[in-house]
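In: no sequence on this one, just coordinates:
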Ligand code: 6R9
């Protein structure tokens with residue numbers, strides 16, 4: 001890792017929060033934001049302590065808000081609570097008992113609305129089912145399900161009895177599942193016969209069987225939800241049907257009082273090499289931070305219908321489909337499907353059908369919508385929307401503009417939220433009623449978050465200059481450990497940046513710059529930085545220049561070795577709709593990038609492609625493209641790749 005990153009992209013557009021929005025928002029102006037921010041900064045323990053008291057239910061109050069022995073933080077030490085109680089029981093004593101907690105829409109068009117009262121009952125019964133199979137506080141339970149309500153029910157049931165869950169994305173292979181089961185030493189797996197994805201039934205139970213055959217000795221039982229009615233083999237004494245086991249159980253299951261620092265879940269995140277890391281989150285700090293961020297960032301009111309399109313197998317699904325919204329007593333939409341050729345407008349249908357007010361999705365989805373053309377969303381009534389959000393990757397300014405205009409009708413603020421599995425909740429984001437937005441910037445830190453951009457020695461870099469994005473103070477939902485590997489926890493997050501003062505800075509791999517207004521601009525992963533003749537360039541800015549060409553839908557740039565310049569820019573480009581790919585267009589794109597951001601960013605080579613390799617959460621895997629561009633074999637972990645055939649297609653192209 002060398003020192004800093006050069007910034008070459010200029011973006012001047014500014015959007016103020018609409019007055020009608022600000023007037024009704026929790027945080028109504030830049031001044032209110034500044035006040036909150038400085039209150040949190042001057043006395044973080046008082047700030048978080050007061051919020052914890054006001055916003056959550058505790059069985060026992062904490063003795064100390066924070067114990068910080070870098071890099072180990074403990075929040076609300078001595079306090080006891082249960083996140084499932086905060087998400088369910090406390091809403092039962094008001095009108096919310098009969099409010100929709102989850103609105104679920106299945107891919108084939110089936111649907112279900114579950115009230116808080118019903119969800120509580122389901123969770124209690126399923127928690128008792130887990131107990132009946134011998135699951136105890138502290139035992140790890142793996143959840144390998146499609147996007148069906150049972151996924152949320154299973155998570156809440158685990159939390160209720162104090163069994164940490166480890167949700168494994170339903171699209172991962174048997175091998176990837178096995179690695180995670182072994183690492184977490186899971187005692188039980190909750191799965192389904194299958195799930196619907198892009199009009200096909202995909203098998204899940206079969207993958208679990210394979211994973212167990214290949215060896216996951218800690219697993220004693222499997223619970224199977226019937227979803228697709230596919231034929232599955234049930235092993236007597238080991239496998240149970242959800243629909244047979246659950247109804248026999250009592251609906252009475254008091255929530256286990258958990259210590260604030262008891263483990264709530266493990267979630268695996270891929271390393272670029274080596275085995276995935278089990279990120280550990282604990283109870284109290286995670287509950288509070290996801291609660292507050294959901295409330296203030298999505299400005300979530302009791303009357304809202306809120307929809308986050310993520311999968312529960314991703315941290316975004318944990319924090320912003322399940323725990324954050326339910327802790328706030330909100331109505332959260334869960335959708336099993338994804339846009340597909342048979343129904344490219346399915347997202348807009350869901351918005352229209354349920355009158356969704358707040359919509360949170362990923363740049364990869366937005367770029368796919370752009371490619372399909374605006375006639376599709378324009379044919380639906382999206383007027384219920386009042387707030388939009390994005391997460392997962394830097395959003396290219398042109399994609400932001402499209403989202404704002406076509407989906408938001410020019411009237412909805414956009415919250416571009418930067419965070420990670422490790423941070424548990426959103427770290428950098430506008431508060432929608434308070435902070436004017438700039439396309440491509442995640443703007444400012446959430447109150448209580450002390451973020452900075454530094455060089456390798458931990459010294460802040462000048463404004464406008466790119467560097468390493470770090471967090472300087474502990475926050476409630478921060479990663480506590482890498483499961484079973486504390487050395488890896490220290491090494492991965494706390495030792496790259498080495499300030500002289502012995503200060504500990506959290507760094508998890510992103511480059512960013514800050515502009516003169518103090519706004520943060522994430523420039524991409526520092527592993528992906530391209531070094532052209534000694535100029536270190538982030539991928540985001542070059543890709544955004546390409547995407548700003550009207551015929552380009554999506555772009556990924558990587559460096560490939562070059563004798564003259566060290567590295568040269570290699571761009572993989574997907575075109576809009578039916579655009580014809582030819583040599584003239586390549587020349588035009590090279591010219592366009594040069595004109596937009598300068599000769600230094602001139603692509604040496606462009607390859608047109610229909611597909612880009614992505615993770616399940618939609619992140620472009622540039623590491624794989626780098627190998628392709630330099631003609632090397634692909635090495636390292638590919639278990640998180642969404643579509644394995646993509647690599648073959650790219651090799652042919
Ligand atoms: C929540 C989530 C984390 C990485 C992160 C960064 C990228 C996420 C972003 C963003 C720019 C945003 N990322 N949100 N980059 N702007 N708004 O995505 O967690 O799957 O762990 O990924 O995603 O590179 O470091 P996770």
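Out: Cool, the structure landed. From a predicted model like this one, the values you see are computed outputs, not experimental measurements.

In: check contacts around residue 180.
Out: 142, 166, 168, 172, 186, 268, 276, 278 (CB atoms under 8 Å, 6 or more residues apart in numbering). (C-beta placed from N, C-alpha, C; glycine too.)

In: please redo it, this time with the cut-off set to 6 Å
Out: By CB atoms under 6 Å, 6 or more residues apart in numbering, the contact list for residue 180 reads 168, 268.

In: now do residue 473
Out: Residues counted as contacts of residue 473 (CB under 6 Å, 6+ apart) are residue 450.

In: Now do the longest helix belonging to the chain: which elements does it pack against?
Out: What stands out as the longest helix in the chain, according to DSSP state H, is helix 116-132. With contacts defined as 3 or more CB pairs under 6 Å, 6 or more residues apart in numbering; DSSP states H and E, helix 116-132 has these neighbours: helix 149-161.

In: The helix it packs on packs against which elements?
Out: Using 3+ CB pairs under 6 Å, 6+ apart: helix 149-161 touches helix 83-87, helix 116-132.

In: Let's have those in JSON lines, adding mean neighbour count, mean pLDDT and distance to residue 35.
Out: Shown next, in JSON lines, are the helices and strands packed on helix 149-161 (neighbours: other CB atoms under 10 Å; pLDDT from 0 to 100; distance: least, CB to CB, whole Å):
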{"stretch": "helix 83-87", "mean neighbour count": "27", "mean pLDDT": "98", "distance to residue 35": "27"}
{"stretch": "helix 116-132", "mean neighbour count": "22", "mean pLDDT": "98", "distance to residue 35": "33"}
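
In: So which of those is nearest the ligand?
Out: With CB to the nearest ligand atom as the measure, helix 83-87 is the member of the helices and strands packed on helix 149-161 nearest the ligand (19.0 Å).

In: List the strands paired with the following helix or strand past that closest one, with their directions.
Out: Next along the chain after helix 83-87, taking DSSP states H and E as the criterion, comes strand 100-105. Strand pairing for strand 100-105, using DSSP bridges, gives strand 111-115 (antiparallel), strand 331-335 (parallel).

In: Of the helices and strands packed on helix 149-161, which is nearest residue 290?
Out: Residue 290 sits nearest to helix 83-87 of all the helices and strands packed on helix 149-161, at 9.0 Å, using CB to CB.

In: Just the residues contacting the closest one, thanks.
Out: Residues outside helix 83-87 that contact it (CB under 6 Å, 6+ apart): 56, 57, 156, 159, 160, 255, 283, 287, 326, 327.

In: Would you mind writing the ChimeraX command to select the buried ones in those?
Out: Buried members of these can be picked out in ChimeraX with the line below, counting by 16 or more other CB atoms under 10 Å:
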select :56,156,159,160,255,283,287,326,327
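
In: Point out the ones among the contacts of helix 83-87 that are inside helices.
Out: Using DSSP H, the contacts of helix 83-87 in helices are 156, 159, 160, 287, 326, 327.

In: got those as TSV, with pLDDT columns?
Out: As requested, those are arranged in TSV below (pLDDT from 0 to 100):
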residue	pLDDT
156	98
159	98
160	98
287	98
326	98
327	98
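
In: where in the stretch 551-653 of the chain is pLDDT low?
Out: Across the stretch 551-653 of the chain, residues meeting the criterion (pLDDT under 70) sit at 653.

In: Can you pull the phi/psi pair for residue 76?
Out: phi 60, psi 50 (degrees, to the nearest 10).

In: do you know how far it is from the ligand?
Out: 24 Å (CB to the nearest ligand atom, to the nearest Å).

In: cool, and residue 631?
Out: Counting by CB to the nearest ligand atom, the gap from residue 631 to the ligand is 27 Å.

In: Name the SS class of that residue, please.
Out: On the three-state scheme (DSSP: H, G, I helix; E, B strand; the rest coil), residue 631 is labelled coil.

In: Report the mean confidence score over stretch 390-407.
Out: When pLDDT is averaged along stretch 390-407, the result is 96.

In: So for that stretch, what gets flagged as buried?
Out: Buried-residue list, stretch 390-407, by 16+ other CB under 10 Å: 390-404, 406-407.

In: Filtering those by proximity to the ligand, which remain?
Out: 391, 392, 393, 394 (CB under 6 Å from any ligand atom).

In: The longest helix of the chain: what's the following helix or strand?
Out: According to DSSP H and E, the helix or strand after helix 116-132 is strand 141-144.
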